[in-house]
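>>> Here is a sequence with its predicted model. Questions after.
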Amino acid sequence: MTARLVVLVSGSGTNLQALLDACAEESYGATVVAVGSDREGIEGLARAERAGVPTFTRRVADFETRDGWDRALTTVVERFEPDLVVLAGFMKLVSEDFLAKFPTVNTHPALCPSFPGMHGPRDALEHGVKVTGATLFFVDGGVDTGPIIAQRAVEVLDGDDVESLHERIKGVERAMLVDAVGRLARDGWTVEGRHVRLGGAQLG
Ligand SMILES: Nc1nc2c(c(=O)[nH]1)N[C@@H](CN(C=O)c1ccc(C(=O)N[C@@H](CCC(=O)O)C(=O)O)cc1)CN2
Ligand SMILES: NCC(=O)N[C@@H]1O[C@H](COP(=O)([O-])[O-])[C@@H](O)[C@H]1O
């Protein structure tokens, strides 16, 4: 069985591109069936269009309430019948109702539980840590608090600014994401409390 991925993005989509490239190999075991976003005109949507993958956008500003936006996002994602939703630079918090419908993972450019939120690399640099990195976790109702699937460490260099640090994180983050999502797709997973184990339970 080939796992059906819906990927949500808000920006450049280099993590999405890494997944699109990996999915081109049948042995990877997954396919991106749709790419969604909370904003128009981003490179992440252009990457999907170039790959021939259906796209959709649901902007918060187009709905009277945040709940209305969340319901609309849930409805459009549901149409694609995902086995797994991948948040790859998606800058909106999704509701527990959304999460109840779809297993959802998120990649974050810090070593959770450190530096949650929208500015992981900036906060790590300002704190003066010597090691940071990237985390893939199953999304829960909190902010970057879900059970951890994979992590990769990155050294903070003396001359780093936010951009150079984030770019170096993204290099290892893409490899972490491709490896972990492929294993989730091919081998399934179980979660016991905060502990994720790959394999053992098949998708679908
Ligand atoms: N229920 C959850 N949804 C999402 C999570 C999560 O952990 N739980 N992770 C995010 C991705 N992310 C960090 O990895 C993150 C993105 C955005 C925010 C945030 O505060 N968003 C605000 C402001 C948005 C904006 O200014 O455009 C919001 O959603 O209102 C925190 C963490 C993906 N979804
Ligand atoms: N808290 C969420 C967050 O900061 N997400 C981060 O946005 C970047 C998106 O890059 P991309 O659009 O090139 O894949 C990634 O580094 C991802 O971890």
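Cool, got the structure. Ligands and ions are numbered 1, 2, ... in the order given.

>>> Contact residues of the protein facing ligand 1?
87, 90-94, 106, 108, 117-118, 139, 141, 143-144 (CB under 6 Å from any ligand atom). No exception for glycine: its C-beta is placed from N, CA and C like everyone else's.

>>> how about the strands of the chain, start to end?
Under the criterion DSSP state E, the chain carries strands at the ranges 3-9, 30-37, 55-57, 84-87, 104-108, 131-138, 148-155, 189-192, 195-198.

>>> coming back round to it: adding neighbour count, distance to residue 157 and pLDDT, write the residues of the chain next to ligand 1 out as a markdown table.
Output for these, formatted as a markdown table (neighbours: other CB atoms under 10 Å; distance: CB to CB, whole Å; pLDDT from 0 to 100):
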| residue | neighbour count | distance to residue 157 | pLDDT |
| --- | --- | --- | --- |
| 87 | 23 | 28 | 99 |
| 90 | 25 | 28 | 98 |
| 91 | 13 | 26 | 98 |
| 92 | 17 | 31 | 98 |
| 93 | 14 | 31 | 98 |
| 94 | 21 | 34 | 98 |
| 106 | 22 | 26 | 99 |
| 108 | 26 | 20 | 99 |
| 117 | 11 | 23 | 98 |
| 118 | 11 | 23 | 98 |
| 139 | 24 | 30 | 98 |
| 141 | 12 | 36 | 98 |
| 143 | 13 | 28 | 98 |
| 144 | 20 | 24 | 98 |
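
>>> on that earlier part again, columns distance to residue 49 on top of the strands of the chain, output as CSV?
CSV is the format used below for these (distance: least, CB to CB, whole Å):
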stretch, distance to residue 49
strand 3-9, 12
strand 30-37, 9
strand 55-57, 6
strand 84-87, 18
strand 104-108, 22
strand 131-138, 26
strand 148-155, 29
strand 189-192, 31
strand 195-198, 32
